[in-house]
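Chemist: Take a look and give me a structure for this.
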Amino acid sequence: MVKLVYVLGSGHCGSTLLSNVLDAHQSVVNVGEIFILRSCCQKQWNKMFNNRDIWKDIDQYYLNHYGKSIQEIDFLDASFWQIISAKKSDIFEKANHYWTLFECINSLLETSVILDSSKTPQQLFFLRKGMGDNQRNQIKVIHLVRDGRATLNSYFKHYHYISHDSAFKLGINRWIKTNLSSLALRQFFDSRDWLFLRYEDFVLDFENNLQKLCEFIEIDPASNCFKSEYDPSKIVSLGGNPRPYKLGDPIKLDNKWEREMDQKDVQKFNTRAGWLNKLYGYS
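Modeler: Numbering: from 1, shown residues only. All right, here's what the predicted structure looks like:
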């Protein structure tokens, strides 16, 4: 059985912090943005994994147990429409590639929880649909939300090489799409398997929210269950920005948008998405 914890959220929502904190637990392994594995396999396996011996071990384990290298597998990275229109048998087959990979990682690293921080709603929909009525595996979702204005401000800084208007459209469209999609996806999960969490609450009330997260994932919240040392050779995470986290490390709220963001952009955001921001408790 695989217990998969999926982080659902828009880009720049605080998922890196959340993933790094949970990855520090001895029962959890963070696979990062696993949906990019397809492009890694097809385009740049040697470059991507040249210094990642753990992925060479995972690949060998997969080969030994299932007769194929990961590089030979067609890992699906599809749109909602492709998933909806695909045959059920095809979805099961493609999704099984991921579940088999997760089983390999669990067995090789002797962990009990896989953390997938792909964030995209279509990847979550694909994995859930690919399960069907199979009770062998489990998905628990952490829907991570950040104030849309803070998210948008991060897009301005991260995508500084494109025009300001383009960065605005990219950021707000992704934020709206992800959070609206979450409302639709919620119906496919039991209430016990869905946790809503705001980035700001996670940071400002860290200890209590970490306790809630551990209870939700069903892992021991005791401090001695978090790694005191980090082994770089065991970092599985793809994409994102994996950084070793040790319990007790200072965590600071990033609310730079309040002083950096132009009021015209704030007004434009409020006009288009202010209602959704308020729905999540932001004034």
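
Chemist: Distance check, Ser163 against Lys169.
Modeler: 9 Å (Cβ to Cβ, to the nearest Å). All C-beta spots, glycine's among them, are computed from the backbone N, C-alpha and C.

Chemist: Looking at the two, which is more packed in?
Modeler: Under the neighbour definition other Cβ atoms under 10 Å, Ser163 and Lys169 were set side by side, and Lys169 has more, 13 against 9.

Chemist: From Tyr66, how far out is that one?
Modeler: 43 Å.

Chemist: Same check on Ile217?
Modeler: For Ile217, the distance to Tyr66 - Cβ to Cβ - is 27 Å.

Chemist: what does Gly130 give?
Modeler: To Tyr66, Gly130 is 17 Å away according to Cβ to Cβ.

Chemist: More neighbours: those two, which one.
Modeler: Gly130 (22 against 15).

Chemist: and the strand or helix carrying the more buried one, how far out from the chain's middle?
Modeler: Taking DSSP states H and E as the criterion, the element that holds Gly130 is helix 121-131. Relative to the mean C-alpha coordinate of its chain, helix 121-131 is positioned 13 Å out (Cα atoms, centre = their mean, to the nearest Å).

Chemist: What of stretch 233-249?
Modeler: 13 Å.

Chemist: Do you know the pLDDT at His25?
Modeler: Listed pLDDT for His25 reads 93.

Chemist: neighbours around it, how many?
Modeler: Neighbours of His25 using other Cβ under 10 Å come to 26.

Chemist: quick thing: my sequence starts at 254, can you match it?
Modeler: In the new numbering, first residue 254, that becomes His278.

Chemist: so it sits right up against Ala475, yeah?
Modeler: No - with contacts counted by Cβ atoms under 8 Å, His278 stays clear of Ala475, the gap being 10.0 Å.

Chemist: neighbours around the nearest residue to Gly492 once chain neighbours are set aside, how many?
Modeler: Nearest residue to Gly492, sequence neighbours excluded (Cβ to Cβ, 6 or more residues apart in numbering): Glu286, at 3.4 Å. Using other Cβ under 10 Å, the number of residues around Glu286 comes to 19.

Chemist: Wait, a strand at Gln393?
Modeler: Careful, residue 393 is Lys; it's not Gln. Yes - assessed by DSSP: H, G, I helix; E, B strand; the rest coil, Lys393 belongs to a strand.

Chemist: What's the separation between Ile358 and Val394?
Modeler: 19 Å.

Chemist: hmm, I was thinking of Lys465
Modeler: Lys465 is 14 Å from Val394, by Cβ to Cβ.

Chemist: These two: which is more packed in?
Modeler: Higher neighbour count among Lys465 and Val394: Val394, with 22 against 16, using other Cβ under 10 Å.

Chemist: Tell me the confidence at the more buried one?
Modeler: 97.

Chemist: give the contact list for it.
Modeler: Contacts for Val394 (Cβ atoms under 8 Å, 6 or more residues apart in numbering) come out as 258-259, 261, 377, 438, 442, 446-448.
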